[in-house]
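**Student:** Quick one: sequence and predicted model below, then my questions.
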Amino acid sequence: MNYISAQTSCGTPENPCDGNWNNFDYANPSAKVETIPTDKVNVDEVLANNRGNELTVEQIKANLDKIKNLNQVNLENARKAVQEAFGVSITDFGKGSNLVNGVFQATFGKQDKVTLSNEMYKKGRLRVNEQGEIVFSPGEELPKFDIPKGDKLILEDVKEPSEFQDHSLQGTFRVNEDGTVVFLKGKEAVMDGIYVTPMFADAVICKTESECSGDYIFLGEKFRAEGNGLKLRFTFASFLNVFDMILPGEFFFLNQNDFKEIILGDGQQRGRIEIKDKDGQLTEIVSKGWVRIENDENIITDENGKLSKNLFKNKIVSPEALESLDRGSVSSALVFGDGNEVLIFDENQNAHVIPKKTYDEMIEKRKALLDRGISLSGYFTITELDLFKNELDLIENKLNIDFKKINLPVEGDVKAGLVISEFDKRLRTEDERAAVTPLMPTNIYWAPYFDFTEYEGLSWLKRLSAGEDISSYERTLGHELGHNIEALSSPYSVSQRHQNPSLIKETPLFNSFKEKANEFNMRFGDKPDQLNYFLFPTGDSKENIKEYIAEISNTLLHNPAWFTDPYNAGMSSRGTIIKLAIPLRKDDMRKRQEFGNIFLKELEKYKKDNP
């Protein structure tokens, strides 16, 4: 007779399994689950008998692929197991999640998932929220987000800008399985210096124009965005990326307070903008639908081609209010409605509409200057553009200058060329017409004039326009060219100049003029130099050596006879040539010519190449 012995359940202290773990009695609460070797645990039996909380860290770590819901085990042990297995911290497993083949996934809601072998996740914390989204909070600065394709998650409260898919990203945003970046409703994020806040619906960065739908942002050859309650704030960091009229020298004035804010859609109507690349010209914004723009505290609303304006100029009630202004204008043009009119933002705390025909004429004149090597930053009237052309023609023809040779290293191989920039109103003075700073010596900052009588004593920047007397401005660029050349005679780059301004306090050309002035016993400043009056070509040249150099440049253009005609006493502030009754001595004329020759020698490096 054959006897078959029944298998005896084991696992209690009184009846240990002694290696026969297949007989472990999972239903018996007295059987010790923690005694089971990691490779012998029957996870399905453990969970079916509601004993997941008894699994040890090592048992969980060895059987992660078999645990369908990590909430069924001891969560603290699960955290330790994941930390030991992958070096990743998970603070909340949510209502349901698992970890299979190294992929941690929420099992409800959005069912987000991440690949835990990715090194990036070791540098922060992961959690599952109530919507089944996996949220990653970086614990340190990450220069670049390395997110595997197929992962989908939210990156939360990224403190410092990090690179992802050719963008710099900061704040809170979502990355989908295909790598699409999504800006979340009600959450602020920063993309390439642009603050993005979708107010009513999520917004995406579309990779190609054909993919754009819903609320979106597209950065291709032109910036394009559409939405209903999509707020975009363009700040200092984004000006070069999008508003390409801001050139390196403009950074001397722009600061963190300066921004342009655009809202697309008011909750009822959608809005869309395109920001066109104008090749260094005035940036052009084309609006459709409901679009609101705030610039320099001016608020413009385009509602399907109908404009309403809330201008900063109308808010000012005292000179003190204007003096406290701490924001500058980001100049641009808004093409709205049927495209027959253009709204211009400028530094006059203003926004005014001009015909599209006038605007197109202005753009053509700007392009002609750009072709010659002169970039323009900001807005200028047609009268100002014509004045620039005429003065630059004179400089080119009389001094044989190639404007494209006037440049300065910025960093590496990048060079800054000659730029005429709209002046910042925060630096206004009553008699300032233009300025050059040695920190950015290829820039000429243009300030037509300030009217201190209009608007009850407040000072507003006035633009030169048709019919105005511009005779006193016709010599401005010739004067500023002298400052450009003097500052450029110092060989330092832009970064070197900013890091150590003392390097450029006295340039080689300045010292050459200074030595010659000392040799001739010339005196500058408030006290008139009666002895050497004949060595000063204008009244402004008596101020200091830097102004003297600028006026020598101006005299070479507008009164070259001063260097050769002994009867020529110089030029008045209105440009009138002053004559002497008695001619100067030959030695006096020699001294004048020596100053002219010093300046002309410095100009040699900027001369046109011989044909």
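**Tutor:** Sure thing, it's come through.
**Student:** looking at it, residue 212 is touching residue 206, isn't it?
**Tutor:** Yes. Contact criterion C-beta atoms under 8 Å: residue 212 and residue 206 qualify, at 4.2 Å. Every residue, glycine included, has its C-beta placed from N, CA and C.
**Student:** what's the overlap in contacts for these two?
**Tutor:** Here residue 212 and residue 206 have residue 218 as joint contacts, going by C-beta atoms under 8 Å, 6 or more residues apart in numbering.
**Student:** other SSEs contacting the helix or strand harbouring residue 554?
**Tutor:** Following DSSP states H and E, one finds residue 554 within helix 545-558. For helix 545-558, the packing partners by 3 or more C-beta pairs under 8 Å, 6 or more residues apart in numbering; DSSP states H and E come out as helix 382-399, helix 476-488, helix 508-519, strand 568-571, helix 586-603.
**Student:** how far is that helix from where the chain is centred?
**Tutor:** When C-alpha coordinates are averaged (C-alpha atoms, centre = their mean, to the nearest Å), helix 545-558 and its chain have centres 36 Å apart.
**Student:** any idea of the angle that helix forms with helix 508-519?
**Tutor:** Interaxial angle, helix 545-558 versus helix 508-519 (axes from the mean of the first three to the mean of the last three C-alpha atoms, to 10 degrees): 100 degrees.
**Student:** Extract the CA atoms of helix 545-558 and return them as PDB.
**Tutor:** C-alpha atoms of helix 545-558 as PDB (Å, rounded to 0.1, in the frame of the first residue of the first chain):
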ATOM      1  CA  ILE A 545      39.600 117.200 -24.000                       C
ATOM      2  CA  LYS A 546      37.000 114.600 -24.900                       C
ATOM      3  CA  GLU A 547      34.700 117.300 -26.200                       C
ATOM      4  CA  TYR A 548      37.600 118.900 -28.000                       C
ATOM      5  CA  ILE A 549      38.200 115.600 -29.900                       C
ATOM      6  CA  ALA A 550      34.600 115.400 -30.800                       C
ATOM      7  CA  GLU A 551      34.600 118.900 -32.100                       C
ATOM      8  CA  ILE A 552      37.800 118.300 -34.200                       C
ATOM      9  CA  SER A 553      35.800 115.500 -35.900                       C
ATOM     10  CA  ASN A 554      32.900 117.800 -36.400                       C
ATOM     11  CA  THR A 555      35.100 120.600 -37.800                       C
ATOM     12  CA  LEU A 556      36.800 118.200 -40.300                       C
ATOM     13  CA  LEU A 557      33.200 117.700 -41.700                       C
ATOM     14  CA  HIS A 558      31.500 121.100 -41.400                       C
END
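**Student:** Can you point out the buried residues in it?
**Tutor:** Within helix 545-558, the residues that qualify as buried are 545-558, counting by 16 or more other C-beta atoms under 10 Å.
**Student:** Give me the number of neighbouring residues for the nearest residue to residue 225 once chain neighbours are set aside.
**Tutor:** Setting aside the residues directly before and after it, residue 225 is nearest to residue 217 in space (C-beta to C-beta, 6 or more residues apart in numbering), at 4.7 Å. Residue 217 has 25 neighbours, counted by other C-beta atoms under 10 Å.
**Student:** can you check residue 208 too?
**Tutor:** Residue 208: 8 surrounding residues under other C-beta under 10 Å.
**Student:** same deal with the one 5 residues further on?
**Tutor:** Residue 213 has 9 neighbours, counted by other C-beta under 10 Å.
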